[in-house]
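*Asks:* Whatever this is, show me its structure:
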Amino acid sequence: MIYPSLDDLMKKVDSPYSLVILAARRARQLNLGGAGLLEEYRSKKAVSQSLEEIDQEKIKYRTKYKKDIK
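*Replies:* Model prediction:
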């Protein structure tokens, strides 16, 4: 995986675990026919597409804790 870089992705989430869960859930949505959030993707694979969406800040999430992430 060259794009997006792991360093860029880690700036968008609070932990590597959160990144994996977020990307996996979004990839499952895409595999089940969910609409893409970007105009154009560099990759054809759902996991890579979900990482591109996270990098472009099209996907946001909340935690159960007081410290909410975008």
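*Asks:* make it CA atoms for all contacts and neighbour counts henceforth
*Replies:* Will do.
*Asks:* How much space separates the residue lying closest to residue 9 once chain neighbours are set aside from residue 64?
*Replies:* Spatially, and ignoring its direct neighbours in sequence, residue 9 is nearest to residue 55 (5.7 Å; CA to CA, 6 or more residues apart in numbering). Per CA to CA, to the nearest Å, residue 55 is found 22 Å from residue 64.
*Asks:* Check residue 40 too.
*Replies:* From residue 40 across to residue 64, the span is 32 Å (CA to CA).
*Asks:* out of residue 55 and residue 64, which sits in the more crowded spot?
*Replies:* Neighbour count, other CA atoms under 10 Å: between residue 55 and residue 64, residue 55 has more, with 20 against 6.
*Asks:* Please list all residues in contact with the more buried one.
*Replies:* Residue 55 is in contact with 4, 8, 9, 12, counting by CA atoms under 8 Å, 6 or more residues apart in numbering.
*Asks:* neighbours of the last one, just the number please.
*Replies:* If I follow you right, that is residue 12. Summarising burial for residue 12: neighbours were counted as other CA under 10 Å, giving 18.
*Asks:* before we move on, what about the first one?
*Replies:* Residues near residue 4, counting by other CA under 10 Å, number 17.
*Asks:* For the nearest residue to it once chain neighbours are set aside, what are phi and psi?
*Replies:* What sits nearest to residue 4 in space, not counting adjacent residues and going by CA to CA, 6+ apart, is residue 52, at 6.3 Å. Backbone torsions of residue 52, given as degrees, to the nearest 10, read phi -60, psi -40.
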